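**Q** A structural model of the following input is requested.
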Amino acid sequence: MANDVQSWRWDLTDLFPDVAAYETELKALTEKAGHFGRWREKLNDLDRDGFLELLREFEELSLLAHRLVAYAALEFYADSRSEAAQARFAHAQSQLGELSAKTLFFEVWWKHLEDAKAKALIEAAGHRYAYWLAEMRSWRPYTLGEEAERAITLKNTVARAQGKIYETINDRYTFAFEAEGKRIEAKKSELSRYTRHQNPAVRQAAYDAMLKRYREEAMILGELYRLVAEDWKNEYVKLRGFPTPISARNKMNDLPDAVVEALLKATEEGSQTFQVYFRLKARALGMKRLSRYDLYAPVGESERQYTFDEAVALVSEAFKQFDPEFEALMRQVIEARHIDVFPRDGKRSGAFSYGPVPGMTPYVLLNFQGQARDVATLAHELGHSVHSLLAASHPVFTFHPPLPLAESASTFGEMLLVDRLLETESDPRLRMSILFHQLDGFYGTILRQAYFARFEIEAHDLLTGGAPLEAVHSAYLKTLKDQFGDAVEVPEHFQYEWLMVPHFYHTPFYVYAYAFGQLLVLSLYRRYQTEGQAFVPKLKRILAAGGSQNPAELLQKEGFDIEDPGFWLSGFELIGEHVARLEAEMDRESE
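**A** Residues are numbered from 1 along each chain as shown. Predicted coordinates for the structure are as follows:
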């Protein structure tokens, strides 16, 4: 292997040999979807054999659709400048939408089928389809008639436009400020390089410019958010009958309300652990106390560089130490050339692992630049790939894990690597850099997201109750002060920061899933530290389940009670150990 941009591009032939084969199968999908429509007239007369035939045909349709979209998406992500790739991706998404419309009749019929007949058909379908079918029917109390559902679908095209309007407004913003004697004009997507700048004056100037603009736009963006909150309440509370706005999201995540409340409560109790960390970070930066301006300031950056060969070897060793099968599965991605490694013009930014269909080696996108965080990203994405491969026995309907468990293997893999690096690296600056980077990440995905969720609950209640926007701004400011305590100073104009969070507009109550996934893994990792190799088969059974079981029940079977705040607090114990380790490293460095 080498750091060769051309040699490390993914091979899509496992999906389709070439574009011609892709186009042929795309036409076949349209024909097969039309043929599936014949079942509409047969639904009420289905016997067991007929029902099983319908399910198998539906599964084949879904598998083909997933392969088609994967091919078009991966081609586009590899080179977004290609007009042909753009057109194929857009058309594939359109065809997927048409397929959903043509098969909707089955889902509506299934949800409204009488219990006795549904039970008999689930038994006939067998274990392979049982959870998927039962989970669909669990939405029955919240499902309206076919005409009402059609009306809501049409209504939601407008509701989704609210998120697009928000993005359109944000895309036109330019933030101007002075930085180190230069006038800077930056888009929102470019601001992080300045809010995370080494120079505190640059950080403050960037934040001030951003918050000034959002304060000026608060009336427009705030009232747009009021529409989002009212639309969500109208559909999910008034029409569908959920007890609270967040209950609808919990149902989508297949989680009881009690589990989410336990998570949020534990996060509030664990906030003091992060406050200790913020005091340490202030010390590292030579400050008496952090300001909110300094939250993401870089600390202890190391110049250590890794080749891609070295990165793969590090991740391989960390995974093998945990479980040989973990290593074998992650190597499958490398050996199949299902990985696109280095950045280049036109390639999508960021990183992901994409498991198109059960049994197919996942595809991994990286933008590897040789830093320690790039090695951690490799471990994270290959952890996702291991998860997909372990769950390969399930049908496409239950192959992917539910959102609360989606980050389990990835974050666990990253933890394995970090522990390996902390054990083997001799450079104290690199060890501190790794710890600072990880703890900053823990804050961003756990504490920040959980308090976002608390704010969202309150904001929806305020806005749908007719409260003025000033009350929402005040609620957000209190949220910040509650999570930081006296460890971080929060200037008053950070009360407008919530206006720049796109998830609030696009996907209400989504944010706690980040906290759930990260803290779940920390709590599981804590158990691994206690149980050692006895823990390994438990985690592998959780991952192998994919999306075929209720998350709370699945974890309960393995001895993890996620309704108990104490389970979540064990994750904070692990964070506390990382904070203590960082403090010890800092003490040694200052001697």
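**Q** would you map the strands across this protein?
**A** In the chain, the strands defined using DSSP state E lie at 175-179, 182-186, 290-291, 339-340, 352-354, 363-365, 488-489.
**Q** need the contact partners of the first one.
**A** By Cβ atoms under 8 Å, 6 or more residues apart in numbering, the residues outside strand 175-179 that reach it are 183-188, 191, 194, 197, 199, 201-202, 205-206, 208-210, 213. Backbone N, C-alpha and C define where each C-beta goes, glycine included.
**Q** any of those residues buried? List them.
**A** 184, 186, 188, 191, 194, 197, 202, 205-206, 209-210, 213 (16 or more other Cβ atoms under 10 Å).
**Q** which one of those is nearest to E75?
**A** E75 lies nearest to K188 out of the buried ones among the contacts of strand 175-179, by Cβ to Cβ, at 28.1 Å.
**Q** the closest one is in contact with E167, isn't it?
**A** No - when contacts are counted by Cβ atoms under 8 Å, K188 is not listed as touching E167 (10.0 Å).
**Q** please report how far the closest residue to T195 other than its chain neighbours lies from S385.
**A** Nearest residue to T195, sequence neighbours excluded (Cβ to Cβ, 6 or more residues apart in numbering): A206, at 4.9 Å. Between A206 and S385 the distance is 36 Å, computed by Cβ to Cβ, to the nearest Å.
**Q** quick one, what contacts the nearest residue to I575 once chain neighbours are set aside?
**A** Leaving aside its sequence neighbours, I575 sits nearest to T273 (Cβ to Cβ, 6+ apart; 5.2 Å). Neighbour list for T273: 572, 575-576, 579 [criterion: Cβ under 8 Å, 6+ apart].
**Q** okay, now the unreliable bits of the protein?
**A** 1-6, 157, 301 (pLDDT under 70).
**Q** how is it carved up into domains?
**A** 19-143, 305-396 (automatic domain parsing).
**Q** columns distance to Y443 on top of those domains, output as JSON lines?
**A** Shown next, in JSON lines, are the domains of the chain (distance: least, Cβ to Cβ, whole Å):
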{"stretch": "domain 19-143", "distance to Y443": "29"}
{"stretch": "domain 305-396", "distance to Y443": "15"}
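**Q** nearest to K233, of these?
**A** Nearest of these (Cβ to Cβ): domain 19-143, 14.0 Å.
**Q** and P141, how many neighbours does it have?
**A** 11 (other Cβ atoms under 10 Å).
**Q** that one and G241 touch, don't they?
**A** Yes - between P141 and G241 there is a contact under Cβ under 8 Å: 6.7 Å.
**Q** show me where the stretch 51-200 of the chain has its helices.
**A** Using DSSP state H, counting those that start in this stretch, the helices of the stretch 51-200 of the chain run over 83-112, 115-125, 127-137, 146-171, 192-195, 200-216.
**Q** which of the residues in stretch 489-502 are buried?
**A** 489-490, 493-501.
**Q** residues near the residue nearest to A262 when sequence neighbours are not counted, how many?
**A** Of all residues not flanking A262 in the chain, P565 sits nearest, at 4.8 Å (Cβ to Cβ, 6+ apart). By the measure other Cβ under 10 Å, the count of residues near P565 is 18.
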